Structure formats: structure tokens, C-alpha cells
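# Take a look and give me a structure for this.
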Amino acid sequence: MSACRSLCTRFLLLLCSVSVLVGSSEHFPAPEKLTYNVEWRLIDAGTAAVQLTRDGGGKNWNFSVNIVSAGLVSRLYHVSDKYNVTSSDRFCALKATLDAQEGKKHALTRFNLDYGRNKVIYEDQDLVRGKVEKRENDIVPCTYEIIGALAAVRTANLPPGKSTVMPITDGKKFAQAKIESLGKETINVGGTRYTTTRYEAFVFDNILYKRRGRLLMWISDDPGHLPVQFRLLMGFPIGTITVSLQKVE
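Predicted coordinates:
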């Protein structure tokens, strides 16, 4: 359990942040709030509330993800994480913040993108031990973090068999990551049957993240392009994490 604690949380954030990218409205992008159930190895692990809003001036997009552990997982290792991203109207990343409270750990991670210098400035604060890590990495104009990258992909509406490559950063690393449309699939989520397109984001295997794994997502084919399910397939000790749609507001 201890080997996957922090990693599991980061991967849950990745999975759940993706869910805000395709809205239930007929004209994406549009403000909305989606709630998901998170399952780890067939155990109820918690919930994720994902929200997309306009900023005060209406020029940028704000993404927020709130993850709270539940049940057995929460008793073993309580998680309360808040992830916020501001992106441009084209979903190019501008800044991001992760406030992660996981067991006895509490960390605050920030990264800002400086397009004047084509750099991402990363800072990670361990609020318990008082340690700070800082670094800068090269980026290209209109670099995405994972939310904005997949938002841009959803507006492109990739047909099965097609793929695209996106410049993505998590603050610590920059990568050109491939996202591929795998095909059509009908699935049942929460008692509702959906006709979907299945996608894969190639961000593991030392592309953006070092570990081996697969990130799959199912997007409905109706006009709302609703993100109904995400699945992370990892080796031991993490295993499989599934994120399923519960509520649309």
C-alpha cells in the first residue's frame, strides 16, 4: 500500500482532470460540474468533483478537481486533494496548483508557464518538513497540461484509427505525447448504456510519467460528447483504477 500512495493520488488527478474536458452541453466548451466515483481494485476509493468555468474576464478557462477518499481506502490513507488550472481560450496552460493532503503528508505544488522565455517554472513545497524543490524546463508556444491537451483533442473530434501529438507538461517534465482514437464501443455506466469512442493517452512509459501503464477513456458519441469512464491500467502494486460518471450539473 505504501509504495503506491502518492503515485495513486497523482494518477487519480490525471484521470479525473481529463473528465472535465468534454462537456455535456451540445457546444463544448461550456461551464459545467461533473461528479465521478473512483474505484481501485474493485474497492470504492472515493469521489472526484470536476468543474470547468470561465474566469472573471471571460478570456480564460479555469479547471478544478477535488478528490476525497472514502471507505476502506480513507481509513488506511486519507486523501483530500485540490487541483486548479488556468488556461487560455485555446486551452494553452498558464498556471496550475495542487494542494495535496495525503495521510500525514501535505504538499503544495505550483507551476507557471512563461511564454516570453518559453519556460515552465515549477515549485514543490513540503509543508510538513519545510522543504522546497524548484526547477525550470523548456516548453514550446501553447504548451498544454493534461487537462488542456485533452480539451483541445476533444474539439478536434478524432475519428477511429487517427491520432494527434500534443506538447504537454506536468511542471517537472515536458513531452510530445500521442493521443489516439481506438474505436467505437458500447459500455454500461451507472445503469446507463452509452455508445462511445475509446481513446488512449500515451503519457506513461517514461513519456511524461516514468512508470509503465495505459490510460484509456470512453467518450459518448452523442452531441454532448460526455466523458463517461476512464481506466488506468498499471502493474503491481497499483493495479487498475476506474473512474465512472455519477452526476452531471
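# okay, CA-based contacts and neighbour counts for the rest of this
Fine.
# Give me the contact list for the strand or helix carrying Leu72.
Leu72 is part of helix 71-76, with elements assigned from DSSP states H and E. If you take CA atoms under 8 Å, 6 or more residues apart in numbering as the criterion, helix 71-76 is touched by Ile43, Asp44, Ala45, Gly46.
# Check which helices and strands the helix or strand following it sits against.
Remark: after helix 71-76, the chain's next helix or strand is strand 79-87, criterion DSSP H and E. For strand 79-87, the contact count by 3 or more CA pairs under 8 Å, 6 or more residues apart in numbering; DSSP states H and E identifies strand 61-69, strand 93-102 as packing neighbours.
# ok so, going back, looking at the contacts of helix 71-76, which one is closest to Leu34?
Gly46 (14.3 Å; CA to CA).
# and the closest residue in space to Phe174 that isn't next to it in sequence, how many neighbours does it have?
Excluding the flanking residues, the one nearest Phe174 by CA to CA, 6 or more residues apart in numbering is Ile168, at 5.8 Å. When neighbours are defined as other CA atoms under 10 Å, Ile168 has 28 of them.
# And the helix or strand hosting Ile168, what's buried?
Here Ile168, judged by DSSP H and E, is contained in strand 163-169. For strand 163-169, a neighbour-count test (16 or more other CA atoms under 10 Å) marks Ser163, Met166, Pro167, Ile168, Thr169 as buried.
# Same question for stretch 58-65.
Those would be Asn60, Trp61, Asn62, Phe63, Ser64, Val65, for stretch 58-65 by 16+ other CA under 10 Å.
# which residues does the nearest residue to the first one once chain neighbours are set aside contact?
With CA to CA, 6+ apart as the criterion, Asn60 has its nearest non-adjacent residue at 4.5 Å, and that residue is Ser88. Applying CA under 8 Å, 6+ apart to Ser88 gives the contacts Lys59, Asn60, Trp61, Leu94.
# Show me what the residue lying closest to Leu245 once chain neighbours are set aside bridges to in the sheet.
Leaving aside its chain neighbours, Leu245 sits nearest to Tyr36 (4.6 Å; criterion: CA to CA, 6+ apart). Per DSSP bridges, the residues bridged to Tyr36 are Ala48, Leu245.
# how about Tyr36, what does it touch?
Applying CA under 8 Å, 6+ apart, the residues near Tyr36 are Cys16, Thr47, Ala48, Ala49, Val243, Ser244, Leu245, Gln246, Lys247.
# Does the fifth one touch Phe230 like I think?
Yes - with contacts defined as CA atoms under 8 Å, Val243 counts as touching Phe230 at a distance of 5.1 Å.
# need the strands for the chain, in chain order.
Assigned by DSSP state E, the chain shows strands spanning 32-40, 43-54, 61-69, 79-87, 93-102, 105-114, 119-126, 131-138, 163-169, 174-189, 192-202, 213-220, 227-234, 240-248.
# a markdown table for the ones you listed, including distance to Tyr144?
Below are those laid out as a markdown table (distance: least, CA to CA, whole Å):
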| stretch | distance to Tyr144 |
| --- | --- |
| strand 32-40 | 21 |
| strand 43-54 | 16 |
| strand 61-69 | 13 |
| strand 79-87 | 8 |
| strand 93-102 | 5 |
| strand 105-114 | 10 |
| strand 119-126 | 11 |
| strand 131-138 | 13 |
| strand 163-169 | 5 |
| strand 174-189 | 10 |
| strand 192-202 | 14 |
| strand 213-220 | 17 |
| strand 227-234 | 19 |
| strand 240-248 | 22 |
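# Make CSV out of the contacts of helix 71-76 and add neighbour count.
Output for these, formatted as CSV (neighbours: other CA atoms under 10 Å):
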residue, neighbour count
Ile43, 14
Asp44, 17
Ala45, 21
Gly46, 22
